[in-house]
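> What follows is a predicted structure for the sequence shown.
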Amino acid sequence: MSTEGKVALVTGGSGGLGRFHGLVLAKHGCDVALTGHRNLEKAEEVAEEIRAMGRRALALKVDVSDPEQVSEGVAKTMEELGPIDILVNNAAFGIVRATTIVKMDKSDWDRDLAVNLTGAFNTIKAVMPSMIERKWGRIINVSSVTGTMGGFGQCSYAATKAGLIGLTKTVALEGARHNITCNAVVLGVFDGGSFYEVAEEFRDRIIKRVAMRRAGKPEELSNVIAFLASEESSYLTGEAIVVGGGIDLFTF
């Protein structure tokens, strides 16, 4: 896939699935900047892995809910790596918080929206002007089947992931005539990241809900992201692509 020499920014790239997104993009020839608000050391470890592959990499401490930090991170990326061609909005909060609406604290709701949805808005707003100027860009938003199917005890996470799909379609419309595509990957259950923060009995129940009866490998998601970041995906925009092993199928 033709992404050689492109510059990618991956939010939430310090661990979990974000780490794999950065590594797979680097494998396909990208230089990569990774944000890690809570653990910059892990982001730097991923950056070192990318440098060992012969690509340039940058670890950034950025809270995506803060527009000023996002602007500073984008400016530093452009200064050290060059203009951003690819944006992967992967940062997320609230995935493992099992709290019903009546018991949920408003502060948790506000934080999840600020990171998961407003954070994506902030990063898109920061990188899109340069993409418009250069007439090329790829924006990939990481959504979830929780946003399309709902999730018991996950009202804020589900609401933000559903919101990302609406944001994706709007950005796709606004970017289309500038050769900028925007798509969402709607992930199911993956072997890594926050899935292992869920109690084992619930993990087993979730996997039995998947048609393939297994969790996905992180690379199986990252490979789709790499395709959406490439020139080969140039006529694909505004889509919400489910990568979930059939979790959204009727299974018995």
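Great, that's in hand.

> Let's see the pLDDT reported for Ala98.
In the prediction, the pLDDT value recorded for Ala98 is 82.

> Run a quick neighbour tally on the closest residue to it other than its chain neighbours.
Counting by Cβ to Cβ, 6 or more residues apart in numbering, Gly153 is the residue found nearest to Ala98 once chain neighbours are left out, at 3.8 Å. From N, CA and C alone the C-beta is placed, and that goes for glycine too. Close neighbours of Gly153, defined as other Cβ atoms under 10 Å, add up to 14.

> What are the boundaries of the strands in this protein?
When assigned using DSSP state E, the strands of the chain occupy the ranges 7-10, 31-35, 57-60, 86-89, 137-144, 180-187, 240-243.

> got a markdown table for the ones you listed, with mean pLDDT and distance to His21 too?
Compiled in a markdown table, those are given as follows (pLDDT from 0 to 100; distance: least, Cβ to Cβ, whole Å):
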| stretch | mean pLDDT | distance to His21 |
| --- | --- | --- |
| strand 7-10 | 98 | 5 |
| strand 31-35 | 98 | 9 |
| strand 57-60 | 98 | 13 |
| strand 86-89 | 98 | 5 |
| strand 137-144 | 98 | 8 |
| strand 180-187 | 98 | 10 |
| strand 240-243 | 98 | 12 |
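
> Make TSV out of the ones you listed and add distance to Thr99.
Shown next, in TSV, are these (distance: least, Cβ to Cβ, whole Å):
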stretch	distance to Thr99
strand 7-10	28
strand 31-35	26
strand 57-60	31
strand 86-89	24
strand 137-144	17
strand 180-187	21
strand 240-243	26
